[in-house]
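[1] here's a sequence, model it:
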Amino acid sequence: MDIAVVILNWNGLGMLKTYLPTLIERTSYPGAFIVVADNGSTDGSIAWLQAEHPDIRTVCFDKNYGFTGGYNRALREIDADYYVLLNSDIEVGEGWLEPLANFMEEHPDVGICQPKVLSMAERDRFEYAGAAGGFIDRYGYPFCRGRILSNIEKDTGQYDEPVECFWATGACLMVRSAIYHHLGGLDELFFAHMEEIDFCWRAKMLGYQVWCVPASTVWHVGGGTLPNNSPRKLYFNYRNNLLMLYKNLPESIRRRRIFVRMCLDGASAFVYLVTGKWSFFSAVWKAHRDYRRLRREEDPSPFEEERNNIGLYAGSILLRFFLSGKKLRWSDIERYL
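    Predicted coordinates:
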């Protein structure tokens, strides 16, 4: 089988210099090859690759098409049985690819998987984006095994068993190429953020499973393109979350769930307003405005009821988190999933 490990780069020369050599050294699985897709970088990334790593295939675009558009364009040009979408700010562990590939080969119902994702800054602590498997609550708030909202756990081996989850992180996501193309790839209206959750949700509705395989470990820098305190990142998260709910919830509950979610968004916007965070307040307002415009371009779920709900928490993770004094851990809610 062929496995294409595809890095989407946009002005990430520093990250490529730091992490690509380790990726090359530790990617020895038979049939695996590395591709760098460049989203119109202007920092000399391609010139450096051609000079230092001429054997690495590159796919170059004329401008930044975002995470979604960049990967869709790149993967249309790459022939492989599996794709691994890999951020440029990832350090892979020894033998990182074998557990993922072997798990997919041994479990034909699994369409998507991810490794255990730890933090580059604190190497024994889970990383925000993915941790040990992604989950979601009824109102679209994502959380992870090992990371409940802002409460991030230390990795002590407590989540080293594979687990079926709801979504896999786009920082390091392995997918069968046939599924990727059957679903039409990532939704380009999202541009960036939440697109992998939407993608996994759509795959689950077709009957495929999503798993975390912790025998594979990577370390993630995170926040390379947009820092966590960026109003633009907040805008994408709020807007895309609503688009995701609109697309994937059945009609019978869609309007009610989205109404509650928009009320919760409004409450957070009010907090931003009274605390003087004008740019954050504006980001939420613009996210809701643009959601109303963009949803006309989306096709809502054709299903009459929720399907393949493994990994969906039926309550409100936000409410439980604040009632716990922001100390909520995976072990507190695992039995409800």
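[2] helix or strand for S301, which one?
    S301 is part of no helix or strand when elements are defined by DSSP states H and E.
[3] which outside residues touch the worst-scoring helix or strand of the chain on mean pLDDT?
    Here the helix or strand of the chain ranked lowest by mean pLDDT, DSSP states H and E is helix 330-333, holding a mean of 92. For helix 330-333, contacts defined as C-beta atoms under 8 Å, 6 or more residues apart in numbering pick out C144, R145, G146, I148, E153, Y159, Y313, I317, R320, S324. Backbone N, C-alpha and C define where each C-beta goes, glycine included.
[4] reformat those as CSV; add neighbour count, secondary structure and pLDDT.
    Formatted as CSV, the contacts of helix 330-333 follow (neighbours: other C-beta atoms under 10 Å; DSSP: H, G, I helix; E, B strand; the rest coil; pLDDT from 0 to 100):
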residue, neighbour count, secondary structure, pLDDT
C144, 27, strand, 97
R145, 27, coil, 97
G146, 27, coil, 97
I148, 23, strand, 96
E153, 19, coil, 96
Y159, 21, coil, 97
Y313, 20, strand, 95
I317, 20, helix, 96
R320, 17, helix, 95
S324, 14, coil, 93
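[5] could you pull out the strands in the stretch 51-200 of the chain for me?
    57-60, 82-86, 90-92, 110-119, 134-137, 142-144, 147-148, 151-152, 163-165, 172-176 (DSSP state E, counting those that start in this stretch).
[6] columns distance to V36 on top of those strands, output as TSV?
    Shown next, in TSV, are those (distance: least, C-beta to C-beta, whole Å):
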stretch	distance to V36
strand 57-60	5
strand 82-86	10
strand 90-92	13
strand 110-119	20
strand 134-137	26
strand 142-144	28
strand 147-148	29
strand 151-152	30
strand 163-165	28
strand 172-176	15
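[7] so which of the ones you listed is nearest L186?
    L186 lies closest to strand 82-86 among these, at 8.8 Å (C-beta to C-beta).
[8] can you give me phi and psi for Y291?
    phi -60, psi -50 (degrees, to the nearest 10).
[9] so it sits against L242, correct?
    Yes - with contact defined as C-beta atoms under 8 Å, Y291 reaches L242; the gap is 4.3 Å.
[10] out of the contacts of helix 330-333, which comes closest to S230?
    Nearest member of the contacts of helix 330-333 to S230, counting by C-beta to C-beta, is C144, at 20.5 Å.
[11] any idea which of the strands of the stretch 51-200 of the chain gets closest to V210?
    So among the strands of the stretch 51-200 of the chain, strand 110-119 is nearest, using C-beta to C-beta, at 4.7 Å.
[12] and that closest one, what does it pack against?
    helix 97-106, strand 172-176, helix 195-205, strand 209-220 (3 or more C-beta pairs under 8 Å, 6 or more residues apart in numbering; DSSP states H and E).
[13] make JSON lines from these and add distance to G14 and mean neighbour count to it.
    As requested, the helices and strands packed on strand 110-119 are exported to JSON lines (distance: least, C-beta to C-beta, whole Å; neighbours: other C-beta atoms under 10 Å):
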{"stretch": "helix 97-106", "distance to G14": "24", "mean neighbour count": "18"}
{"stretch": "strand 172-176", "distance to G14": "19", "mean neighbour count": "25"}
{"stretch": "helix 195-205", "distance to G14": "24", "mean neighbour count": "24"}
{"stretch": "strand 209-220", "distance to G14": "15", "mean neighbour count": "23"}
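[14] quick check, V163 in contact with G146.
    No - taking C-beta under 8 Å as the definition, V163 is not a contact partner of G146, at 10.6 Å.
[15] quote the end-to-end distance of stretch 123-139.
    Counting by C-alpha to C-alpha, to the nearest Å, you get 31 Å between the two ends of stretch 123-139.
[16] what mean pLDDT does that stretch have?
    Taken as a whole, stretch 123-139 has a mean pLDDT of 96.
[17] ok, back up a step: of the contacts of helix 330-333, closest to V284?
    Looking across the contacts of helix 330-333 and measuring by C-beta to C-beta, the closest to V284 is I317, at 19.0 Å.
[18] identify the residues contacting that closest one.
    D137, Y141, F143, I148, L149, L328, I333.
[19] redo that, cut-off 6 Å
    D137, Y141, F143 (C-beta atoms under 6 Å, 6 or more residues apart in numbering).
[20] so what pairs up with the nearest residue to it once chain neighbours are set aside in the strands?
    Spatial nearest neighbour of I317, excluding adjacent residues (C-beta to C-beta, 6 or more residues apart in numbering): D137 at 4.1 Å. Beta-bridge pairing for D137 (DSSP bridges): Y313.
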